[in-house]
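Visitor: model the following, please.
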Amino acid sequence: MSTTGPLDDDDLVQLLTPTGQRVDHPEYTPRAAHLDAEALRGMYRDMVLVRRFDTEATALQRQGELGLWAQCLGQEAAQIGSGRALRTQDYVFPSYREHGVAHTRGLDLVDILRLFRGLDHGGWDATAHNFHLYTLVIGSHTLHATGYAMGVQRDGAVGSGDPERDTAVVTYFGDGATSQGDVNEALVFAAVNNAPLVLFCQNNQWAISEPTTRQARVPIADRGPGFGVPSVRVDGNDVLACYAVTAEALERARSGGGPTLVEAFTYRMGAHTTSDDPTRYRSSAEEEFWRRRDPIDRLGLHLELAGELSAEFLADVDAEAAALGERIRTTVRGWGAPEATSMFEHVYASPHAQVESDRAWFEAYEGSFLPERDAVGDPHVANLSGGAR
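Guide: Reported below is the predicted structural model:
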């Protein structure tokens, strides 16, 4: 099983055990002290809604409504916990399965499905949510995040002491991405420039079919000090610990303390994507081991033990999840094919001569295929060459 070797979890920051018990940590318990029962119920709700979204998207792909889907099943705590630690002005650079973080940034999750439907290239308004477009090229976005963080720093939005201005940047990536040169280069540039960046690695233990034990002989967080970047390993299935660790790292970044590497040790309960079959490379015993450490169940157990999980609340969450599922299904099935000329939209922020020239050529070319009518009024397609039929 992939729970041995460098993946041992005895050095993880943890505030909530798999059975729902609170445990203290000298450094991070104070960071989560202000999270009352209402806030914890909010995190529980978030995780349930994101999982329902994930489940519906997977089903839609299986039904042929989406071309592909990348699940975040089992990683909800890492995403909701870290996402809830962000301030409005902070900026997120995701990879392609950060659905929970997108939810915390106020993005309508249905918009994400347009990318996987093939309607656009992920064209939500990133500036409205401070949430960058999904990145499908493994690891490349970590360099984008580093450059953005360096820009924030040079704009004077770091270490000013103004909580409404000081800004942090966070980039999310998986354990497999740490084998890419881009991630290592991002660590170099972030370190030497003291960039206000949190590099958040969701170590779900599988880079498609490659286990982390085949990529690293030491925990991923141990790489940070070699670059001069403070690092921490956190229980990625513990939403409280993920919140506390990320809050501390973000505050360090905003105050001018530089970058942090966070390794959230979690597990990808689903497939890498819907084109993957995890039964070919991992055991059912391993999956069951992690199923018993489900992040939603863990927080639910804690709230139940504290007497803060009422039947009425659970019913409301279930009803909201059902409504979300219905809206997802109805919306996606109602989408038609986009106009072919939409490929020329949103390429640049302002009009671009070459793009407009290409659009004009394409419209003329497309127009040569328009239906014509013969003498008796029956439609038929013009000859592709434009000549006589």
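
Visitor: tell me where the model's unsure across the stretch 101-250 of the chain.
Guide: Applying pLDDT under 70 to the stretch 101-250 of the chain flags no residue at all.

Visitor: could you tell me how many residues sit around Glu356?
Guide: 11 (other CB atoms under 10 Å). No exception for glycine: its C-beta is placed from N, CA and C like everyone else's.

Visitor: same check on Asn184?
Guide: For Asn184, using other CB under 10 Å, the count is 15.

Visitor: contacts only, for it.
Guide: 178, 227 (CB atoms under 8 Å, 6 or more residues apart in numbering).

Visitor: roughly how far apart are it and Leu115?
Guide: 27 Å (CB to CB, to the nearest Å).

Visitor: how about Gly334?
Guide: Gly334 is 17 Å from Leu115, by CB to CB.

Visitor: just want to know which of those two has more residues nearby.
Guide: Taking other CB under 10 Å, Gly334 and Leu115 do not tie; Leu115 has more neighbours (20 against 7).

Visitor: per-residue pLDDT, the residue most central in space within the chain?
Guide: Using CA atoms, centre = their mean, the residue of the chain that lies closest to the mean C-alpha position is Glu98, 1.0 Å off. What the model reports for Glu98 is a pLDDT of 98.

Visitor: try Gly377
Guide: 50.

Visitor: same check, this time on Ser2
Guide: 40.

Visitor: go on, Arg84?
Guide: Listed pLDDT for Arg84 reads 98.

Visitor: what count of nearby residues applies to it?
Guide: For Arg84, the neighbour count with other CB under 10 Å is 20.

Visitor: what's the answer for Ala323, then?
Guide: 12.

Visitor: how close does it get to Glu76?
Guide: 19 Å.

Visitor: over to Val169?
Guide: Distance, Val169 to Glu76, using CB to CB: 22 Å.

Visitor: for the stretch 1-150 of the chain, what spans make up the helices?
Guide: Under the criterion DSSP state H, counting those that start in this stretch, the stretch 1-150 of the chain carries helices at the ranges 37-62, 76-83, 99-104, 109-117, 126-129, 140-154.

Visitor: how far does stretch 166-177 stretch from start to finish?
Guide: Length of stretch 166-177, first residue to last, CA to CA, to the nearest Å: 29 Å.

Visitor: try stretch 90-100
Guide: Terminal residues of stretch 90-100 lie 16 Å apart, using CA to CA.

Visitor: repeat that for stretch 112-130.
Guide: Chord length of stretch 112-130, first to last residue, is 15 Å (CA to CA).

Visitor: so which bits of it are buried?
Guide: Of all the residues in stretch 112-130, those buried under the rule 16 or more other CB atoms under 10 Å are 112-117, 119-120, 122, 124, 126, 129-130.

Visitor: can you list the weak-confidence ranges in the stretch 251-389 of the chain?
Guide: 371-389.

Visitor: how does it look with 80?
Guide: Residue ranges of the stretch 251-389 of the chain with pLDDT under 80: 370-389.

Visitor: strands of that one, residue ranges please.
Guide: Applying DSSP state E, counting those that start in this stretch to the stretch 251-389 of the chain gives strands spanning 260-265, 371-373, 379-381.

Visitor: who are the packing partners of the first one?
Guide: I take that to be strand 260-265. Strand 260-265 sits against helix 76-83, strand 197-203, strand 231-235, helix 239-254, with contacts defined as 3 or more CB pairs under 8 Å, 6 or more residues apart in numbering; DSSP states H and E.

Visitor: try 6 Å this time
Guide: Strand 260-265 is packed against strand 197-203, strand 231-235, helix 239-254, with contacts defined by 3 or more CB pairs under 6 Å, 6 or more residues apart in numbering; DSSP states H and E.

Visitor: tell me which of these sits nearest to Met47.
Guide: Of all the helices and strands packed on strand 260-265, it is helix 239-254 that lies closest to Met47, at 7.0 Å by CB to CB.

Visitor: just say which of the helices of the stretch 1-150 of the chain is most tucked in.
Guide: Mean neighbours per residue, mean count of other CB atoms under 10 Å, is largest over the helices of the stretch 1-150 of the chain for helix 76-83, with a mean of 31.

Visitor: how far does it sit from the chain's center?
Guide: Relative to the centre of its chain, helix 76-83 is centred 9 Å away, using CA atoms, centre = their mean, to the nearest Å.

Visitor: skipping its backbone neighbours, what lies nearest the residue nearest to the centre of the chain in space?
Guide: Leaving aside its chain neighbours, Glu98 sits nearest to Tyr172 (5.0 Å; criterion: CB to CB, 6 or more residues apart in numbering).

Visitor: packing partners of whichever strand or helix holds that neighbour?
Guide: For Tyr172, the element it lies in under DSSP states H and E is strand 169-174. Using 3+ CB pairs under 6 Å, 6+ apart, the elements in contact with strand 169-174 are strand 91-93, helix 140-154, strand 197-203.

Visitor: any idea how far the closest residue to Val92 other than its chain neighbours is from Glu326?
Guide: Among residues not flanking Val92 along the chain, Phe131 sits closest, at 4.8 Å (CB to CB, 6+ apart). Going from Phe131 to Glu326 by CB to CB gives 25 Å.

Visitor: again, but for Met150
Guide: In terms of CB to CB, Met150 sits 44 Å off from Glu326.

Visitor: just Arg223 next, same as before
Guide: Arg223 is 44 Å from Glu326, by CB to CB.
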